[in-house]
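Engineer: I'd like to go over a predicted model; first the sequence, then the structure.
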Amino acid sequence: MCWMRWLRLLPFTSHHGMKTAAQCFSIPIAKQLASIKALEKGSDLEKAFATAALVYNNSADPEGKLSKAETKSLLQTQFSRFIQGQENKPKYQEIISALDEEPEKKIDFEDFMISLVSLALLSDLLQEIKNVKSTK
């Protein structure tokens, strides 16, 4: 195991709780996004998608995959405002149950995005976002 992979597994404590070394020393997403030349003049939607891809890639293993357990944890920490209060919805329970089955099984970016979008579509926050009026 290379030292970076090993370092990634070491727990560090902060005022936010336990984090891995990689999380403590990683480059912020905004900085990573700014380093992508093709997105210098990218649209908000392009940057939003790139952000989701970067969040996934920063957590994925060297083969570009996450375990179902890691996926669940990532969604619960990085998408908490969207999933908050959804626990009693059958579709939410179905998505989370699927992640709980075979927690070590790996999933790819496509499956991650399907879970992400599915949870977003269930969210009460989505309705609040729909109600926001632009000032054009």
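Structural biologist: Now that the structure is in, tell me what you want to look at. Numbers count the residues shown, from 1 in each chain.
Engineer: correct me, but R81 touches E128?
Structural biologist: No - the pair R81 / E128 is not scored as a contact, 10.0 Å apart, by CB atoms under 8 Å. C-beta here means a position set from N, CA and C on the backbone, and glycine is covered the same way.
Engineer: Look up how far E101 lies from the closest residue in space to S118 that isn't next to it in sequence.
Structural biologist: With sequence-adjacent residues excluded and distances taken as CB to CB, 6 or more residues apart in numbering, S118 is closest to I95, at 5.7 Å. Distance from I95 to E101, counting by CB to CB, to the nearest Å: 11 Å.
Engineer: okay, the two: which has more neighbours?
Structural biologist: More neighbours surround I95 than the other of I95 and E101, with 21 against 8 (other CB atoms under 10 Å).
Engineer: element containing the more buried one?
Structural biologist: In the assignment (DSSP states H and E), I95 maps to helix 90-100.
Engineer: right, and the helix or strand after that helix?
Structural biologist: Downstream of helix 90-100 (by DSSP H and E), the next one is strand 106-107.
Engineer: what about this structure, any weak spots by pLDDT?
Structural biologist: 1-25, 135-136 (pLDDT under 70).
Engineer: Show me where it has its strands.
Structural biologist: Remark: strands assigned in the chain by DSSP state E are 11-14, 17-20, 66-67, 106-107.
Engineer: got a list of what Y56 touches?
Structural biologist: Going by CB atoms under 8 Å, 6 or more residues apart in numbering, Y56 touches L66, L74, F109, F112, M113.
Engineer: I'd like to know how far it sits from K68.
Structural biologist: The value you get for Y56 to K68, if CB to CB is used, is 14 Å.
Engineer: What of P28?
Structural biologist: Distance from P28 to K68, by CB to CB: 27 Å.
Engineer: Next: L121.
Structural biologist: On the measure of CB to CB, L121 and K68 end up 20 Å apart.
Engineer: Compare neighbour counts for those two and give me the winner.
Structural biologist: Legend: neighbour count by other CB under 10 Å for L121 and K68, higher for K68 (19 against 10).
Engineer: correct me, but that one touches D108?
Structural biologist: No - using CB under 8 Å, K68 is not in contact with D108, being 11.6 Å away.
Engineer: what touches both of those two?
Structural biologist: What both K68 and D108 touch, as defined by CB under 8 Å, 6+ apart, is an empty set.
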